[in-house]
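Turn this into a structure:
(chains A and B)
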Amino acid sequence: MGHRTPLYDAHLAAGGKMVDFGGWDMPIHYGSQLEEHHAVRQHAGAFDVSHMTVVDVTGHDARAYLRHLLANDIDKIKAGRAIYTCMLNERGGVVDDLIVYKGDNDYRLVVNCATREKDLDWMEKQAGGFAVDIHERPDLAMIAVQGPEARAILEKVLCEAGAKAVAGLPFFGFEYVGEWLIARTGYTGEDGAEIILPGSKAEDLWQRLVDAGVRPTGLGARDTLRLEAGLNLYGNDMDEDITPWEAGLGWTVALDDADRDFVGRAALEKQKTEGHRQLLGLVLEGKGVLRAHQGVHVPGGSVGPDGEITSGTFSPTLGKAVALARLPAGTTGTVEVEIRNKRLNAQVVRAPFVRNGKATYKPL
Amino acid sequence: MSEIPADLRYRDSHEWVRVEDDIAVVGISDHAQDAMGDLVFVELPEEGVVFAAGDEAGVVESVKAASDIYAPVSGEVVAVNEALEDEPELVNNEPYAGGWLFKIKMADSGELKEMLTADQYQEQIDSE
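Next up, the predicted model:
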């Protein structure tokens, strides 16, 4: 038996098909992954993401510590805003990707569940010389409510202060309402909110959301939604041997402050000069499904594959297969993907594929 | 519980066969479609192709994964279910009716005896 979130019984009651996910028993879907996907693009869906690891960082040196630990610069945002960043090793490889919610002198980090132990070890190891307290919060649950109707429904479901927060938050803004952290963030390419709350309150909120018409949505749809939105998945699209440059995450690396010596900076600066592969989008022109690890051939390339798909799926919104692929720098036009000993044409595009329910990809 | 019609024969790789004279209608079981989740793409053999029992005959792909389909009996493919090109979800919704995959003109109807009965197939699923 794996770990269970406070919503485990609610998932079973809703017909959730439970699978092991990083040591947690989580719902992959509640009947139809496709219908759940469409519900989020067209209405609203709720995700139990309580398996994710919440870590609070406080103490006198919290700011200095995080500016050392993270590739993005928390000084770029003010308190009450969130920032997406990678945590790198000395080689510039990605230890994990995470969200930082910045308070006045307190920071809440949400890291991946599958990388929990190594993340906490790494964070402790990097804390030497800093007066910081790194405190995991297994007592908290996390529910994401996503879709064009998500915030309007939350305004009806939450208490008055919560409703006010949801209505007024800017994109990537957040507010504490009592013990609840309410943030306008997500992993689907739709508007919505993520709520971090005491585990004891999770089932009540979940039920109120479901009663208000929000569809329980499993990890299966979460993956197709994030891929359509062009959002990376740790372990697929990047890992400890891949730098942010090679993972389409250059926009999360802050080099502006030359005095900020974050872990991995030297390796990133070196690779930036030398050149590197790129993570680009692919759209399959014909029938079939793109999958992780399929080989990609570029025009005039070598005999073997020149690149590889890191995440691929059938896009329910577009009705065709899409993928992220690591390819030689500057690849454009049409490439060939190896699918079961055949080579099928795919168009190289700039992700995201879908945002706010509509196709957004541009041919490269 | 998944549905396992008693009048069909099954392979342990989850294909079913319905016999209509010397024609074997082939599909995948309710259990198999449920395990795969929503199907989004079905690759079928071409008419006229001749298979030996156990040959790879096609692929069904769900949002999750791709799964090979094997010819459950030997013979020539005489029809394929073209409706699946636009509606692969028929395999999810009607695995034993509108979701059939292809028809084989059997070369040796004796092969049917080697296939699982509904009870035997149920036992296999229970033991998985």
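
A:Gly248: neighbour count?
A:Gly248 has 22 neighbours, counted by other C-beta atoms under 10 Å in any protein chain shown. Placement of C-beta: from N, CA and C, glycine included.

And A:Glu155, by the same measure?
Count around A:Glu155 with other C-beta under 10 Å applied: 15.

Ok, A:Thr185 next?
Residues lying near A:Thr185 (other C-beta under 10 Å) number 20.

hang on, isn't it packed against A:Ala82?
Yes: the pair A:Thr185 and A:Ala82 qualifies as a contact (C-beta atoms under 8 Å) at a distance of 5.5 Å.

what residues do the two have in common as contacts?
Counting by C-beta atoms under 8 Å, 6 or more residues apart in numbering or on different chains, the shared contacts of A:Thr185 and A:Ala82 are A:Ile99, A:Phe172, A:Phe174.

which of the residues you listed lies closest to chain B?
A:Ile99 (25.9 Å; C-beta to the nearest C-beta).

Low-confidence ranges, chain B, go.
Within chain B, the stretches with pLDDT under 70 are B:1.

so which residue of the stretch 1-150 of chain A comes closest to chain B?
Relative to chain B, the nearest point of the stretch 1-150 of chain A is A:Leu34 (4.3 Å; C-beta to the nearest C-beta).

Could you give the backbone dihedrals for the closest residue to that residue other than its chain neighbours?
Distances taken as C-beta to C-beta, 6 or more residues apart in numbering or on different chains put B:Asp38 closest to A:Leu34, at 4.3 Å, once the chain neighbours are dropped. Per-residue torsions, B:Asp38: phi -60, psi 120 (degrees, to the nearest 10).

can I assume B:Asp38 is in contact with A:Glu36?
No: look at B:Asp38 against A:Glu36 with C-beta under 8 Å: they stay out of range, at 9.7 Å.

ok, now how distant is A:Glu179 from A:Gly168?
20 Å (C-beta to C-beta, to the nearest Å).

what do you get for A:Gly213?
Taking C-beta to C-beta, one finds A:Gly213 at 23 Å from A:Gly168.

What residues does chain B have near chain A?
Counting by C-beta under 8 Å from any C-beta of the partner chain, chain B comes close to chain A at B:37-38, B:40-41, B:43, B:59, B:61, B:63-66, B:85, B:89.

how about these in CSV, adding secondary structure?
Below are these laid out as CSV (DSSP: H, G, I helix; E, B strand; the rest coil):
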residue, secondary structure
B:Gly37, coil
B:Asp38, coil
B:Val40, strand
B:Phe41, strand
B:Glu43, strand
B:Val59, strand
B:Glu61, strand
B:Val63, coil
B:Lys64, coil
B:Ala65, coil
B:Ala66, strand
B:Glu85, helix
B:Glu89, coil
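
so B:Asp68 sits right up against B:Glu61, yeah?
No: using C-beta under 8 Å, B:Asp68 makes no contact with B:Glu61, being 10.4 Å away.

which of these two has more neighbours?
B:Glu61 (22 against 12).

which residues sit in contact with the more buried one?
B:Glu61 neighbours (C-beta under 8 Å, 6+ apart): A:Gly288, A:Val289, A:Phe314, B:Leu39, B:Val40, B:Phe41, B:Val42, B:Glu43, B:Ser67.

which of these count as buried?
A:Gly288, A:Val289, A:Phe314, B:Leu39, B:Val40, B:Phe41, B:Val42, B:Glu43, B:Ser67 (16 or more other C-beta atoms under 10 Å in any protein chain shown).

For the third one, which non-adjacent residue is closest in space?
I take that to be A:Phe314. Nearest to A:Phe314 is B:Val40, by C-beta to C-beta, 6+ apart, at 4.1 Å.

Report the separation between the one you found and A:Glu90.
Applying C-beta to C-beta, the value for B:Val40 to A:Glu90 is 42 Å.

ok, now A:Leu12?
Taking C-beta to C-beta as the measure, A:Leu12 falls 44 Å from A:Glu90.

residues in contact with the residue positioned nearest the centre of chain B?
For chain B, the residue nearest the mean C-alpha position is B:Gly27 (2.5 Å; C-alpha atoms, centre = their mean). By C-beta under 8 Å, 6+ apart, B:Gly27 lies in contact with B:Glu15, B:Trp16, B:Arg18, B:Val91, B:Pro95, B:Tyr96, B:Gly99, B:Trp100, B:Leu101.

change it to 7 Å
Neighbouring residues of B:Gly27 by C-beta atoms under 7 Å, 6 or more residues apart in numbering or on different chains: B:Glu15, B:Trp16, B:Pro95, B:Tyr96, B:Gly99, B:Trp100, B:Leu101.

quick one: which of those sit in strands?
B:Glu15, B:Trp16 (DSSP state E).

residue ranges for the strands of the stretch 101-250 of chain A, please.
Using DSSP state E, counting those that start in this stretch, the strands of the stretch 101-250 of chain A run over A:107-111, A:133-136, A:140-146, A:174-177, A:180-183, A:192-198, A:215-216.

Just name whatever secondary elements the first one is in contact with.
Judged by 3 or more C-beta pairs under 7 Å, 6 or more residues apart in numbering or on different chains; DSSP states H and E, the packing partners of strand A:107-111 are strand A:53-58, strand A:94-102.

rerun that using 8 Å as the cut-off
strand A:53-58, helix A:62-69, strand A:94-102 (3 or more C-beta pairs under 8 Å, 6 or more residues apart in numbering or on different chains; DSSP states H and E).

For the stretch 1-150 of chain A, what lies in contact range of chain B?
Applying C-beta under 8 Å from any C-beta, one finds that the stretch 1-150 of chain A approaches chain B through A:Ile28, A:His29, A:Ser32, A:Gln33, A:Leu34.

The fourth one contacts A:Gly220, doesn't it?
Yes: the pair A:Gln33 / A:Gly220 is scored as a contact, 3.9 Å apart, by C-beta under 8 Å.

So the residue of the stretch 201-350 of chain A found nearest chain B: helix, strand or coil?
Here the stretch 201-350 of chain A gets closest to chain B at one residue, A:Phe314, 4.1 Å apart by C-beta to the nearest C-beta. Under three-state DSSP, A:Phe314 falls in the strand class.

Who are the contact partners of it?
A:Phe314 touches A:Thr224, A:Val289, A:Lys320, A:Ala321, B:Val40, B:Phe41, B:Glu61, B:Val63, counting by C-beta under 8 Å, 6+ apart.

I'd like those written out as JSON lines, with distance to B:Gly75 added.
Compiled in JSON lines, those are given as follows (distance: C-beta to C-beta, whole Å):
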{"residue": "A:Thr224", "distance to B:Gly75": "38"}
{"residue": "A:Val289", "distance to B:Gly75": "29"}
{"residue": "A:Lys320", "distance to B:Gly75": "34"}
{"residue": "A:Ala321", "distance to B:Gly75": "32"}
{"residue": "B:Val40", "distance to B:Gly75": "29"}
{"residue": "B:Phe41", "distance to B:Gly75": "25"}
{"residue": "B:Glu61", "distance to B:Gly75": "25"}
{"residue": "B:Val63", "distance to B:Gly75": "32"}
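
Burial check on residue 99, number of neighbours?
Since you didn't name a chain, this refers to chain A. 19.

my bad, the chain I had in mind was chain B
Look at B:Gly99: counted by other C-beta under 10 Å, it has 24 neighbours.

can you give me the helices for chain A?
Counting by DSSP state H, chain A has helices at residues A:8-13, A:33-42, A:62-69, A:116-126, A:150-157, A:160-168, A:199-211, A:219-228, A:265-274.
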